[in-house]
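Enquirer: predicted structure and sequence below. I'll ask about it afterward.
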Amino acid sequence: MNTINVNPAEVAKFERLASRWWDADGESRPLHDLNPVRFGYIAERVALKGSRALDVGCGGGLLSEALARAGADVIGIDLAPSVLDVARLHLLESGLAVDYRETSVETLADRMAGQFDVVTCLEMLEHVPDPASVIGACACLLKPGGRLFVSTLNRTPQAFAAAIVGAEHLLRLLPRGTHHYAQFIKPSELAADMRGAGLALEDLRGIGYNPLTRKAWLTDSVAVNYLACATKPE
């Protein structure tokens, strides 16, 4: 597998945010606000207690810790070393156990194929040069019958307005340059990559978010941010 599916500028961007990752009122505020909804979506569809889970692009560990708290045996991977240091440090506060590793998902797929019940890849695909490569590696890592959960941004005018104009420029919830519109992914493109990896798309839901009230919810509209669940055939 190709193991060099990374944009160094994207890694550097998240490295700069590392020390403030767990600040719920800082630059990672949207991640904190959206995490309960994303976790709830996952927990409704898989039995996490006793499962083996992989969090791809884990960042500072928001989702990894939620999965571990639910009883999963969790590995979190990322390519930003400073962010992983923050994730490991936060375990001292939470008392949870997560195995954090600095590696690409493609490299891990060569070593741990077919070992995970659950693989998550949230808000990561729009930051890599080859999203299909990530999907393929995630599929390889799943056990037969396992589920892959993905969240990303749709390539629509609504998503441009919300994620770039609104969040980065007007409300300044995120640093400018966090997102690049050309890298947003249409659900049809994601579904095609999943089919190409031998996965079956099971569900697609949008995520609504009001940055002023900090409320997030699931919606039928996938025009901006959306979640997808796919299964690996038995």
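Expert: Now that the structure is in, tell me what you want to look at.

Enquirer: the residue lying closest to Gly196 once chain neighbours are set aside sits in which helix or strand?
Expert: Closest residue to Gly196 apart from its sequence neighbours, by Cβ to Cβ, 6 or more residues apart in numbering: Ala132 at 6.6 Å. To be clear about C-beta, it is placed using only N, CA and C from the backbone, and glycine gets the same treatment. Assigned by DSSP states H and E, Ala132 belongs to helix 131-141.

Enquirer: what helices or strands is the next helix or strand along the chain from that helix leaning on?
Expert: Next along the chain after helix 131-141, taking DSSP H and E as the criterion, comes strand 142-153. Packing partners of strand 142-153 (3 or more Cβ pairs under 8 Å, 6 or more residues apart in numbering; DSSP states H and E): helix 29-43, strand 116-122, helix 131-141, helix 187-196, strand 225-231.

Enquirer: how about 7 Å then?
Expert: strand 116-122, strand 225-231 (3 or more Cβ pairs under 7 Å, 6 or more residues apart in numbering; DSSP states H and E).

Enquirer: list the buried residues of stretch 199-219.
Expert: Leu199, Leu201, Leu204, Arg205, Gly206, Ile207, Tyr209, Pro211, Ala216 (16 or more other Cβ atoms under 10 Å).

Enquirer: in these, find the pair that's most separated.
Expert: Leu199 and Pro211 (32.2 Å; Cβ to Cβ).

Enquirer: check contacts around the most centrally placed residue in the chain.
Expert: The chain has Leu122 as the residue nearest its centroid, 1.3 Å off, counting by Cα atoms, centre = their mean. Listed by Cβ atoms under 7 Å, 6 or more residues apart in numbering, the contact partners of Leu122 are Arg38, Leu63, Ser151.
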